[in-house]
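*Asks:* Let's see this in three dimensions:
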Amino acid sequence: MVDVVSLNQFRKAKTRSDKATKAENNRIKFGRSKAEKAKDAKDLAAQKRALDGKQIVDKTDP
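*Replies:* Next up, the predicted model:
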């Protein structure tokens, strides 16, 4: 026979797991120093400039 299972326990366990995962992601995302954030912003801007510089623009189309 199959044991009776409380689905509420599984729901609560999943909620706890999801909260722990979200907390870990937030620690990574927001737990950085000002210098790290500035470096990442500078790197992102450089990548964007490099990509925009490689864009082909056709000036013959109106």
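
*Asks:* Can you list the low-confidence ranges for the chain?
*Replies:* For the chain, the stretches with pLDDT under 70 are 1, 61-62.

*Asks:* how about a cut-off of 90?
*Replies:* By pLDDT under 90, the weakly predicted segments of the chain are 1-6, 28-33, 36-37, 52-62.

*Asks:* Mind naming the longest helix for it?
*Replies:* helix 7-30 (DSSP state H).

*Asks:* hmm, who's touching that helix?
*Replies:* For helix 7-30, there are no surrounding residues in contact (C-beta atoms under 8 Å, 6 or more residues apart in numbering). No exception for glycine: its C-beta is placed from N, CA and C like everyone else's.

*Asks:* Render the CA-only coordinates of it in CSV, please.
*Replies:* Taking Å, rounded to 0.1, in the frame of the first residue of the first chain, the C-alpha atoms of helix 7-30 are listed here in CSV:
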residue,chain,number,x,y,z
LEU,A,7,1.2,17.7,0.2
ASN,A,8,1.4,20.7,2.4
GLN,A,9,4.8,19.5,3.6
PHE,A,10,6.1,19.3,0.1
ARG,A,11,4.7,22.7,-0.8
LYS,A,12,6.4,24.2,2.2
ALA,A,13,9.7,22.5,1.5
LYS,A,14,9.6,23.7,-2.1
THR,A,15,8.9,27.3,-0.9
ARG,A,16,11.8,27.1,1.5
SER,A,17,14.1,25.9,-1.2
ASP,A,18,12.9,28.6,-3.6
LYS,A,19,13.5,31.3,-1.0
ALA,A,20,17.0,29.9,-0.3
THR,A,21,17.9,30.0,-4.0
LYS,A,22,16.6,33.5,-4.4
ALA,A,23,18.5,34.6,-1.3
GLU,A,24,21.7,33.1,-2.7
ASN,A,25,21.2,34.9,-6.0
ASN,A,26,20.6,38.2,-4.2
ARG,A,27,23.7,37.8,-2.1
ILE,A,28,25.7,37.4,-5.4
LYS,A,29,23.9,40.2,-7.1
PHE,A,30,23.8,42.8,-4.4
